[in-house]
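A.B. asks: 3D, please:
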Amino acid sequence: MDNDNDTNNNNDNTDNNNDDEANPIQPQRNLLLDVFNSLRTPLRNRNRIDRQESIDRQHHQQQDILNLEADIGLRTTLFDEEETKQEEEEEEEEEEKEEEEKEKEEKEKEEKENIMTTTTTYKIGGVEIEFDTDKPTQNTDYNIGVMIAKEDRPDAGSDIERKLIESLCKNQYTKYKKAETSMKSVERLLQSRSIMDTIEATETVLNKFDMKDPFTIVYPVDATLDRVALKMKADGSGIRSLEVLSDSRQVSTEEVALSCAWWNLHGHYKDKEGEKQSYGRDMNWSYLHFKSHVDEVLYNDTDKLFNNYPKKERGGPLFFKLLTDAVLSANEDSLAALESTIKNYNIAENGKDDVPEAIKILEAGSKLITAMRDDGSSKPTLPDKFVIKLIKVLCTTSVEVFNKKMEAYQGSLELALLCDGKKINTPAVLKKVFTVARTFHKELFDDGIWETEVQSKAKSTFSSFWRNRCWNCEKENCNLRKCKLTKDHDKIERNKNKWLTDVQASDRSSNDRKTKGGGGAKKEYPEWRPPDPSENNKRIIYGDPHTWDGRKSWVKDGAPASGLPELPLSANNTGAGAAVPGQVGDASDDATAMTNETGMTKEDKNELRRFEASIKNMGANLSGMGAFINNLAEK
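C.D. replies: Below is the predicted model of the structure:
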C-alpha cells in the first residue's frame, strides 16, 4: 500500500515537472511579478544609496526581461508605465523642491529690498503722496480725452446707455457740407479749412467715446470671412492697416466695407468682467453720430449709398468713407483752381496781416490738396514746386522784416531744391515751413515790432487806397453818384465801415506821435500839448496867456478872430503902398514878409508857420473827404 502511495507521489512530481517543461512561460511570469512588486515599493522611502542601487537593479532586470521578451515574442507595456510613473513622481518632487527654494530666495530678496528702500513724500496742495525713490510704481489707468471707455459702457437698452447716445448725437461741431463748384475764391479756401477742421473734430469725438478702433482699416485674407486671418505687411513686421480718418483717399470703398464686415463678425474686446464683447455698438453709435453732423441733403445722398451695402458691412467707417468721397470730390479743374487760389493769396489784403489765422487757412488748403491728389494714382502728393510757391505767399505781409526772413528761408530751400527736388517738395517740409513762419511771427510780435509795422502800413494804405475811391466799384476817381455799376448796398456798407475804421486807426496813430494843438511833435513843442487837469484849460505859452478851445488847439487870450495879432499903426504899414501877405516880391514866404512889415516876434512867426502847415494838410485831405461826402450823399 505504501509502495502504491510513493508511486503516486512520484507520478505527481513527474507530472509537475512535465507541466513545467510543457509551460516555459511560468518562470517568466514569476520574474515579472517580482519586478512588479519591486517597482511598487515607493522610492521616496529609501535612502539615496539604496535608491540608486534599486534603480540600477531594476534597470538590469528590465533589460533582461526585454531580451527575454524579444526571444519568445512577448511584448508588454508594464515596464514603460511603471517607469513613466516613477519618473513623474521624481519630477514632481524635484519641482516642489525648486519652487520652495525659489520662494525662499524671493522672500529673502524682498526682505532685503524693504530694508534698503528709500521713500519720499511730497505735499502737493492738500495732498500728500509717498513714493519709492528707487523704483516708483507707475500708474496705468490714465486715459486722457476719453469720457467713457468701452469696457465701462452701460448695459444695452438701459437709461444710462440712452443718455450716452443722446450726448454722442447732439451737435458738437460744424456740419459736413458738400464743396461748392467754384474753387477760385478765397471763400473756397476758407471752406477747405472748415472741411479739415470738421474731420479733426470727428476724430476727437470718436476718441472721447472710445469708438475709434474700427476706423483702423484691416485687410482680411479671405473675402468670405470664413477665416479670421489678416494680411501682413510686406516686411512681416505686423498687420497691414490704414487709418481711414486721415487717409480716406488711399483706400477704396470696397476695402472699407470688407474691413467693417471683419470688425462686425470677428472683432471683439473684453469688458471689465473679462467677458468678450463685439464692436457692434461702436459701429452703430458712430453711424448715428453722423446724422446730426452732416448737412441734411448731403446726409440723405450718402445714406442712400450706405444702405445699398449688406448689413454686415455697414458701420461708421463705411459712412465716413462715402461722406468724404462726396466732400473731397476732385478733378483736374478743381485742383488747379484751388492751387491757384493758394498761390494768389495775399496775407496783407486777404488775411489782414493775421499770420496765425492765415497759416491755418493755407495749411488746411494744402491738406485738402494732398487729400484730393492722394487717390491711388501715380501723381505726386504735392504739385510741382508747391513748397516754394507757398513760401512766396507767406512773404506777402505788411511787415518787411518778416518777409525778408521768409525770403531768406526760401533761398536756402531753393538751393537744396537744385540738389534734390523730391526731398524738398514733400508734406514734411511743408509742415516745417509753417512752423518756421509761426516762429518768426511770434518773435516779432513779442518784441512789439509786428504791431508797430502793421499800424504804420495801415495808415499809409488808407491814405493811398481810399483817396478818391468809390465804395461801390472800389475804383479811383469815382464815387457813388457817378458810378455806373449796379449798386451793391452790402458792399457799400462794408467799404464805408472799412473807411471809418481806417480813419479812426489813422487818427489814433497820428495822435500817438503828435500833439493835438499846433501840429508839432511832442519832443519839439511840449508847450502845445493838451492841458493837464490841474491847469483848468489855461496855460502861459511864450509869455502870453492861452485858453484851450476844447478840441485840438490853444487860443491866445484877446486874439482877433483871424488868429493874427493886431498890427500897430506906423509909417511902415500905412498908405496904399503897404505890403500885404501874398503880394511880397522879394520875401521868401508870407511869414517872412509879415515879420518884416509888422515887426512880429520869433514866437509869432513860428505860430504862423504852423498855422500855414495845418492849412496845407487840411487841403491835402479835402480830396479824400470830398469823395467820402459824395459817396455818403448818394447813399
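
A.B. asks: From now on I want contacts and neighbour counts done on CA atoms only, so please keep to that.
C.D. replies: Fine.

A.B. asks: Now for residue 492: which residues touch it?
C.D. replies: 471, 472 (CA atoms under 8 Å, 6 or more residues apart in numbering).

A.B. asks: Tell me, how many residues neighbour residue 531?
C.D. replies: The tally of other residues near residue 531 (other CA atoms under 10 Å) stands at 17.

A.B. asks: residue contacts, it?
C.D. replies: The neighbourhood of residue 531, defined by CA under 8 Å, 6+ apart, consists of 537, 538, 539, 548.

A.B. asks: Show the pLDDT at the closest residue in space to the last one that isn't next to it in sequence.
C.D. replies: Read that as residue 548. Excluding the flanking residues, the one nearest residue 548 by CA to CA, 6 or more residues apart in numbering is residue 554, at 4.5 Å. For residue 554, the pLDDT comes out at 82.

A.B. asks: try residue 312
C.D. replies: What the model reports for residue 312 is a pLDDT of 93.

A.B. asks: and the contacts of residue 531, which are buried?
C.D. replies: With neighbours counted by 16 or more other CA atoms under 10 Å, those contain buried members at 538, 539, 548.

A.B. asks: So, low pLDDT: which residues of the stretch 201-350 of the chain?
C.D. replies: Per-residue confidence of the stretch 201-350 of the chain (counting by pLDDT under 70) places the weak regions at 330-333.

A.B. asks: Where do the helices of it begin and end?
C.D. replies: 253-265, 280-291, 296-306, 316-327, 332-343 (DSSP state H, counting those that start in this stretch).

A.B. asks: any chance of the contacts of residue 531 in CSV, with distance to residue 242 and pLDDT too?
C.D. replies: Supplementary listing: those in CSV, determined by distance: CA to CA, whole Å; pLDDT from 0 to 100:
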residue, distance to residue 242, pLDDT
537, 76, 83
538, 79, 84
539, 79, 84
548, 76, 83
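
A.B. asks: Quick check: the two most widely separated of the residues you listed?
C.D. replies: The distance between the two most remote of these (CA to CA) is 8.2 Å, for 539 and 548.

A.B. asks: Mind checking which of the contacts of residue 531 are in strands?
C.D. replies: With strands identified by DSSP state E, the entries of the contacts of residue 531 that belong to them are 538, 539, 548.

A.B. asks: Quick check: the first one touching residue 550?
C.D. replies: No. If you go by CA atoms under 8 Å, residue 538 and residue 550 don't touch, sitting 11.1 Å apart.

A.B. asks: What's the local residue count around residue 91?
C.D. replies: The local packing of residue 91 (other CA under 10 Å) involves 12 other residues.

A.B. asks: so how far is residue 103 from it?
C.D. replies: Remark: distance between residue 91 and residue 103 (CA to CA, to the nearest Å) = 18 Å.

A.B. asks: what does residue 488 give?
C.D. replies: 90 Å.

A.B. asks: Please apply the same query to residue 248.
C.D. replies: 55 Å.

A.B. asks: Which residue of the two possesses the greater neighbour count?
C.D. replies: In this view residue 248 and residue 103 are compared by other CA under 10 Å, and residue 248 has more residues nearby, 24 against 12.

A.B. asks: quick one: contacts for the closest residue to residue 148 other than its chain neighbours?
C.D. replies: Taking CA to CA, 6+ apart as the measure, residue 148 lies nearest to residue 209, with 5.7 Å between them; neighbours along the chain are not counted. With contacts defined as CA under 8 Å, 6+ apart, residue 209 is in contact with 146, 147, 148, 149, 150, 168.

A.B. asks: Tell me the one of those residues nearest residue 341?
C.D. replies: Distances from residue 341 to these, taken as CA to CA, are shortest for residue 168 (36.5 Å).

A.B. asks: what's next to the helix or strand hosting that closest one, contact-wise?
C.D. replies: Assigning secondary structure by DSSP states H and E places residue 168 in helix 159-169. By CA under 8 Å, 6+ apart, the list of residues contacting helix 159-169 from outside reads 153, 154, 155, 205, 209, 285, 288, 289, 290, 291, 292.

A.B. asks: Next, the buried residues of that helix.
C.D. replies: Residues of helix 159-169 classed as buried under the neighbour-count rule (16+ other CA under 10 Å) are 164, 165, 168, 169.

A.B. asks: what's the farthest-apart pair in these?
C.D. replies: Pairwise over the buried residues of helix 159-169, using CA to CA, the maximum falls at 164 and 169, 8.8 Å.

A.B. asks: Check which helix or strand the closest residue in space to residue 335 that isn't next to it in sequence maps to.
C.D. replies: Counting by CA to CA, 6+ apart, residue 369 is the residue found nearest to residue 335 once chain neighbours are left out, at 6.8 Å. Assessed by DSSP H and E, residue 369 sits inside helix 355-373.

A.B. asks: what helices or strands is that helix leaning on?
C.D. replies: With contacts defined as 3 or more CA pairs under 8 Å, 6 or more residues apart in numbering; DSSP states H and E, the secondary structure elements packing on helix 355-373 are helix 186-208, helix 332-343, helix 427-446.

A.B. asks: Quick check: buried residues in the last one?
C.D. replies: Spelled out, it's helix 427-446. Judged by neighbour count using 16+ other CA under 10 Å, the buried positions of helix 427-446 are 427, 430, 433, 434, 437, 441, 444.

A.B. asks: Surely the second one touches residue 389?
C.D. replies: No. Distance between residue 430 and residue 389: 10.7 Å, which falls outside the contact criterion (CA under 8 Å).

A.B. asks: coming back round to it: can you tell me which of the contacts of residue 209 are buried?
C.D. replies: Among those, those buried by neighbour count (16+ other CA under 10 Å) are 146, 148, 150, 168.
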